[in-house]
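A.B. asks: here is a sequence with its predicted model. Questions after.
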Amino acid sequence: MNPPLIDVLWVLLCAALVFVMQGGFLCLEAGLTRTKNSINVAIKNVADFGVSIGLFWLIGFGMMFGLSAGGWLGTSHMMLDFQTQPMWTAAFFLFQAMFCGTAVTIISGGVAERVHFAGYLFIAAMVSLFIYPVFGHWAWGGALLGEVGGRGWLVEMGFVDFAGSTVVHGVGGWVALVAIILIGPRYGRFERGRNGQHMQGSSLPMAMLGTLMLWIGWVGFNGGSTVAFSENVPGIIGNTMIAACAGMIAAVFIGWYSLGHSHPSTIVNGTLAGLVAITAGCHAVSTLEAVLIGAVGAVVCMGVSHVLERFKVDDVIGAVPVHLAAGVWGTLAVALFGDPLVLGTGLTMLAQLKVQAIGIAACGLLCVGVSLPILWAANKWRPLRVSLDDEIKGLNVAEHHASTDLLDLAGTIEHHTRTGDLSARATVEPFTEVGQIAQCYNSLIDMLQQSKADISDLQATEKALRDATEAAESANRAKSEFLANMSHEIRTPLHGILSFAGFGLKKAKVSEPAKIEDYFRKIDISGRRLLMLVNDLLDLAKLEAGKMTFDFERVDVCALADAVADEFSSLLSEKQMKVLLERPDSPIHAEVDGTRVMQVIRNLLNNAIKFSPTQAHVDLAISRDDTHLSLSVRDHGEGIPPDEVAAIFDKFIQSSKTKSGAGGTGLGLSICTEIVRGHNGRIWAENAPDGGAIFKVLIPLTRDPAAATPSRERKADLNVDLPAPRSPGRRASTASHNNQAENPS
């Protein structure tokens, strides 16, 4: 039998008001999430409503309100045909279907910004098909068919949840909690500490609008749960409004006390917590009790929200604190404040409290027991969470390829900020405010890019100037050290010449020919050293001026080597050393500047003698192949420090051995380098495996017209790739001098 039409009309009107709540959830979630995910949130709130209502019609309504099987599950009224069903059945279905959609959409806000769209629809289907209808039958079974159809087991125990603090909000809250923990927090949410990084929503005004829409919808949510337009309706709606106000005011004071200001989210969640808390007992409490229930609901919500943050549980819109925590409090408040006569269960307060607690526990066990294994298995098969790249990009684009001009502009700005690449430009949509902003932003980026280019040029110029300054300072220091050392080197042989000349004059007066001969030999050594220094200085001047020239002619290099070895006879005699000259029997003719080649041999030989110990020998080897002349000079000293092998060929650079007392200016090797380079040859140094250093020279036998000419602008290349010389037959000859020299001091 159908009820009066006014009751049917009231239920249909309330169904429409509850439907408005779906739009409220959409605005609330879209406003509290970031712009890059707002479209995804909106789509989910539309899609989950369609999925949940469709599945609720398919089997959910029958499982919840059909003929009861032992109080556990309904078995009739599946896939209703509204044309053949009584008017009241269709109206009742529409009202209850809105509740199913509300329970499902609560989950959307908790897991927002990081779940695949398909994964979320799977969660919505699971709740609509199994969890919500089953628990709904336990708590509300029999509401359609009465005693004839049988009632749910919780109803039989006396469980009271007038409009769904637990049936609707508790179910959505429990499943949201499981899903939130399973998928984890958003990227960047808790990286900065235990309390996390607040992520600003896209539009707080939109979130506030959503709150007001929910508030309006709650008129139908609670007022329609009478399923009749009775005299109790105004009081129920009044209690609902007052509880919401109390929750909001309590949240404002909590925000002032804990934060020093009223954050928008506390006002939103406090209001909604008050609405959720009063939903279970709005028909059975006084207005003052409704105020208390709503205020405490807000306190519970704020406290649970703080606890979740401490445990790094990322609930985007506060689904768990608002719907689960406040719903638990409201369900218990039925026993604490509800009028026993209105409740009609015949239970004492303590007994009623026990039944209410059992109902809450049953809801939690069902929701967690079903959702946790199913979602865990589904997540293993295919992750519910999007990739990190998609999460950073935003689900609007990643999941739906949807964007807006504002999102495009934000994406361009983010790209510029993240990469520093200013080549990208924002899309300009004409005749819109965002398009005008994008156009101005592009102009700003043009200016910045030009400034960046100018700055880069300036930095390059500054670096070149800085490098040149450092090079000049380094060269100046090296030249200063060279000049200081050169003054010492010149004074030493000059002092020797003057000293031994003086000794010679004294000995000549007393007629000691042997002494005179020795003094003149030392004068000869000192004079030759001084001559080499003067030659090096003159060649240095030519190098600096770029005026070193070469006179190429065909000469016998072996004869040049013999002549240089004879020049060192006095020095060799003084140090009790000898030169082992290894050369072929026949002459080696090459088209070279003979004087310059002799200078190379002279400098290398002088260094080898200088760095070899007394009574040692120096090796001078000459050979050739089809194309190149090869010279090799080896000493038997301590070798060259590995980190100085390459640097010793630079001008003014002296080996640490030289600085430690062996003497020298650090100039001879750089001059040798320029001479060898002028012959298009190569010079390098090696440390011998058994001790000592080997200096090697490779020069073409015939003149190359394209050979480089030394200059100030070009530095000798010590790594020119030339073929290694072959080793023809050689014969060893020695030039040795062993007579003892007197060394007056």
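C.D. replies: Thanks, I have it.
A.B. asks: how about the contacts made by the closest residue in space to Asn40 that isn't next to it in sequence?
C.D. replies: Residue nearest to Asn40 in three dimensions, not counting chain neighbours: Leu395, with 3.7 Å by C-beta to C-beta, 6 or more residues apart in numbering. Yep, even glycine has a C-beta here, placed from its N, CA and C like the rest. By C-beta atoms under 8 Å, 6 or more residues apart in numbering, Leu395 lies in contact with 36-37, 39-40, 113-114, 117, 386.
A.B. asks: reformat those residues into a markdown table and put neighbour count and pLDDT next to each item.
C.D. replies: A markdown table is the format used below for the contacts of Leu395 (neighbours: other C-beta atoms under 10 Å; pLDDT from 0 to 100):
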| residue | neighbour count | pLDDT |
| --- | --- | --- |
| Lys36 | 23 | 88 |
| Asn37 | 27 | 91 |
| Ile39 | 20 | 91 |
| Asn40 | 28 | 93 |
| Glu113 | 22 | 93 |
| Arg114 | 23 | 94 |
| Phe117 | 16 | 95 |
| Val386 | 22 | 94 |
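A.B. asks: can you tell me which of these is nearest Val291?
C.D. replies: Glu113 (35.3 Å; C-beta to C-beta).
A.B. asks: ok, the residue nearest to Ala228 when sequence neighbours are not counted to Val555 distance?
C.D. replies: Closest residue to Ala228 apart from its sequence neighbours, by C-beta to C-beta, 6+ apart: Asp7 at 4.4 Å. Using C-beta to C-beta, to the nearest Å, Asp7 is found at 128 Å from Val555.
A.B. asks: Three-state assignment for Phe695, please.
C.D. replies: What DSSP: H, G, I helix; E, B strand; the rest coil gives for Phe695 is strand.
A.B. asks: could you say which helix or strand holds the residue nearest to Ala228?
C.D. replies: helix 5-32 (DSSP states H and E).
A.B. asks: other SSEs contacting that helix?
C.D. replies: Applying 3 or more C-beta pairs under 8 Å, 6 or more residues apart in numbering; DSSP states H and E, we find helix 5-32 packed against helix 35-55, helix 87-110, helix 204-223, helix 264-279.
A.B. asks: tell me which of the ones you listed is the most buried.
C.D. replies: Comparing the helices and strands packed on helix 5-32 by mean neighbour count (mean count of other C-beta atoms under 10 Å), helix 264-279 comes out on top with a mean of 29.
A.B. asks: quick check: mean pLDDT of that one?
C.D. replies: Helix 264-279 shows a mean pLDDT of 94 in the predicted model.
A.B. asks: so which elements touch that helix?
C.D. replies: For helix 264-279, the elements it packs on are helix 5-32, helix 204-223, helix 233-258, helix 287-310, helix 326-337, judged by 3+ C-beta pairs under 8 Å, 6+ apart.
A.B. asks: quick one: the first one to helix 35-55, angle?
C.D. replies: Pointing back at helix 5-32 there. 150 degrees (axes from the mean of the first three to the mean of the last three C-alpha atoms, to 10 degrees).
A.B. asks: any idea of the angle helix 5-32 forms with helix 87-110?
C.D. replies: Going by the same axes, to 10 degrees, helix 5-32 makes 10 degrees with helix 87-110.
A.B. asks: now do the third one
C.D. replies: Taking the same axes, to 10 degrees, one finds helix 233-258 and helix 87-110 inclined to each other by 10 degrees.
A.B. asks: in helix 233-258, which residues are buried?
C.D. replies: For helix 233-258, the neighbour count (16 or more other C-beta atoms under 10 Å) marks 233, 235-237, 239-252, 254-255 as buried.
A.B. asks: ok, the fourth one next?
C.D. replies: When burial is assessed from 16+ other C-beta under 10 Å, helix 287-310 yields the following buried residues: 289-302, 304-305, 308-309.
A.B. asks: which is the succeeding secondary structure element to that helix?
C.D. replies: Counting by DSSP H and E, the element after helix 287-310 in chain order, helix or strand, is helix 319.
A.B. asks: what sits up against that next one?
C.D. replies: So helix 319 is contacted by 106-107, 109-110, 172-173, 176, 180 (C-beta under 8 Å, 6+ apart).
A.B. asks: check which helix or strand the residue nearest to the spatial centre of the chain maps to.
C.D. replies: By C-alpha atoms, centre = their mean, the chain has its centre lying nearest to Arg418, at 10.0 Å. Arg418 is part of helix 405-419 when elements are defined by DSSP H and E.
A.B. asks: I'd like to know which elements that helix is packed against.
C.D. replies: Under the contact criterion of 3+ C-beta pairs under 8 Å, 6+ apart, helix 405-419 touches helix 35-55, helix 395-400, helix 433-510.
A.B. asks: what mean pLDDT does the longest one have?
C.D. replies: So that's helix 433-510. Here the average pLDDT along helix 433-510 is 71.
A.B. asks: returning to what we had before: pretty sure the residue nearest to Ala228 is touching Phe229, no?
C.D. replies: Yes: using C-beta atoms under 8 Å, Asp7 is in contact with Phe229, at 5.4 Å.
A.B. asks: more neighbours, those two?
C.D. replies: Phe229 (20 against 17; other C-beta atoms under 10 Å).
A.B. asks: give me phi/psi at that one?
C.D. replies: Here is the backbone geometry of Phe229 (degrees, to the nearest 10): phi -90, psi 80.
A.B. asks: give me the pLDDT value at it.
C.D. replies: Phe229 is given a pLDDT of 94.
A.B. asks: do Gly54 as well
C.D. replies: 96.
A.B. asks: please tell me how far it sits from Cys100.
C.D. replies: For Gly54, the distance to Cys100 (C-beta to C-beta) stands at 10 Å.
A.B. asks: again, but for Gly201
C.D. replies: Gly201 is 27 Å from Cys100, by C-beta to C-beta.
A.B. asks: C-terminal to the helix or strand hosting Asp566, what's the next element?
C.D. replies: Assessed by DSSP H and E, Asp566 sits inside helix 557-567. Sequence order places helix 569-574 as the next helix or strand after helix 557-567, per DSSP H and E.
A.B. asks: where in the stretch 151-300 of the chain is pLDDT low?
C.D. replies: Per-residue confidence for the stretch 151-300 of the chain (pLDDT under 70) gives these ranges: 192-196.
A.B. asks: low-confidence stretches in the stretch 501-650 of the chain?
C.D. replies: Counting by pLDDT under 70, the stretch 501-650 of the chain contains low-confidence residues at 501-519, 521-522, 524-547.
A.B. asks: what secondary structure does Thr143 sit in?
C.D. replies: No, residue 143 isn't Thr; it's Ala. coil.
A.B. asks: give me the pLDDT value at it.
C.D. replies: So Ala143 comes in at 91 (pLDDT).
A.B. asks: I'd like to know how many residues surround Asp562.
C.D. replies: Look at Asp562: counted by other C-beta under 10 Å, it has 16 neighbours.
A.B. asks: helix or strand for the closest residue to it other than its chain neighbours, which one?
C.D. replies: Closest residue to Asp562 apart from its sequence neighbours, by C-beta to C-beta, 6+ apart: Leu581 at 7.2 Å. If you go by DSSP H and E, Leu581 is part of strand 578-583.
A.B. asks: and that strand, what other elements does it pack with?
C.D. replies: Counting contacts by 3+ C-beta pairs under 8 Å, 6+ apart, strand 578-583 packs against helix 557-567, strand 617-624, strand 731-736.
A.B. asks: contacting residues for the residue nearest to Leu80 when sequence neighbours are not counted?
C.D. replies: Leaving out its chain neighbours, the residue that sits closest to Leu80 by C-beta to C-beta, 6+ apart is Phe93, at 6.0 Å. With contact set as C-beta under 8 Å, 6+ apart, Phe93 has these partners: 57, 61, 80, 82.
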